[in-house]
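Chemist: Build the 3D model from these lines:
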Amino acid sequence: MGSEGPSPPVTTTVHVTGFKKFHGVADNPTERIVRNLQSFMDKRGGMPKGLVLGSCTVLDAAGQGALAPLQDLFESAVLGRELGSSTNQGQVILLHFGANSGSHRFALENKAANEATFRCPDELGWKPQRVPIVSSDGGIFCARRTTLPVKEISKSLQQMGYDVTPSDDAGRFVCNYVYYQSLRFAEKHGIKSLFVHFPLFFAIDEEVQMQFVASLLEVLASLNLQ
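Modeler: All right, here's what the predicted structure looks like:
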């Protein structure tokens, strides 16, 4: 039998989401970041080696009422993996971006709580109070954690000069709602999920935030993901 030659490289596919406007934030930085990400990375010479940008999606800043497009994204991410080579599927990362209007730094979220307590109605008018996001998971004190090394990722980004910190509180608004759903789906399908909170552009300007995302992708590409 002759040599079959080298196997094609294993890649990690990243699916990125951001949000549209929400109460008090008419210009959500993550909407602009996600819409411009593909062209920004192209100008830099493309994605880091080993990463593929699978999709960039901007979600309505809503919980229950906007769940359908989120679930569609989840299913397409897994389907794309299953359609790949059986020996070179690689990993999938669901990478979610949201705005924290009161912050002046980036925050990588360790976990999401199974609780929807919205301080104001979401963009579709829903304002739950102390409601489990997934009732079958238990009460509002249940939580899910990312399997990505948040502390290690944060340290690498800090060494690159960014003001970034790990966080154990994603709030209880739409960001936490989406992250909980994502972590639940990721656990079920053996993929990865991470949520990052961004400040507004007046706190950290747009160019720096775009550079931060590019650096975050470089760090993710350097991880030995299982």
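
Chemist: these two touch, right, Ala203 and His104?
Modeler: Yes. Using CB atoms under 8 Å, Ala203 is in contact with His104, at 4.5 Å. All C-beta spots, glycine's among them, are computed from the backbone N, C-alpha and C.

Chemist: Neighbour count for those two, which is higher?
Modeler: Set Ala203 next to His104 and count neighbours by other CB atoms under 10 Å: Ala203 wins out with 17 against 11.

Chemist: Just the mean pLDDT for stretch 142-151, thanks.
Modeler: Mean pLDDT, computed over stretch 142-151, is 98.

Chemist: before we move on, what about stretch 165-175?
Modeler: Mean pLDDT, stretch 165-175: 97.

Chemist: Name the surrounding residues that touch that stretch.
Modeler: Stretch 165-175 is touched from outside by 19, 22, 61-63, 96, 98, 100, 105-113, 115-119, 122, 150-151, 154, 176, 179, 195, 197, with contacts defined as CB atoms under 8 Å, 6 or more residues apart in numbering.

Chemist: So Glu218, which state does it fall into?
Modeler: Classification of Glu218 by DSSP: H, G, I helix; E, B strand; the rest coil places it in helix.

Chemist: what about the residue nearest to it when sequence neighbours are not counted, how many neighbours?
Modeler: In this structure, Glu218 finds its nearest non-sequential neighbour in Pro48, 4.8 Å apart by CB to CB, 6 or more residues apart in numbering. Residues lying near Pro48 (other CB under 10 Å) number 19.

Chemist: next one: the one 4 residues further on
Modeler: Counted with other CB under 10 Å, the neighbours of Val52 add up to 14.

Chemist: Quick check: it is in a strand.
Modeler: Yes. Val52: assigned to a strand according to three-state DSSP.

Chemist: okay, the closest residue to Pro149 other than its chain neighbours: pLDDT?
Modeler: Leaving aside its sequence neighbours, Pro149 sits nearest to Leu223 (CB to CB, 6+ apart; 7.1 Å). On pLDDT, Leu223 comes in at 95.

Chemist: Any stretches of this structure with poor pLDDT?
Modeler: 1-9, 82-89, 226 (pLDDT under 70).

Chemist: which stretches of it form helices?
Modeler: Using DSSP state H, the helices of the chain run over 29-43, 67-82, 150-159, 174-189, 206-222.
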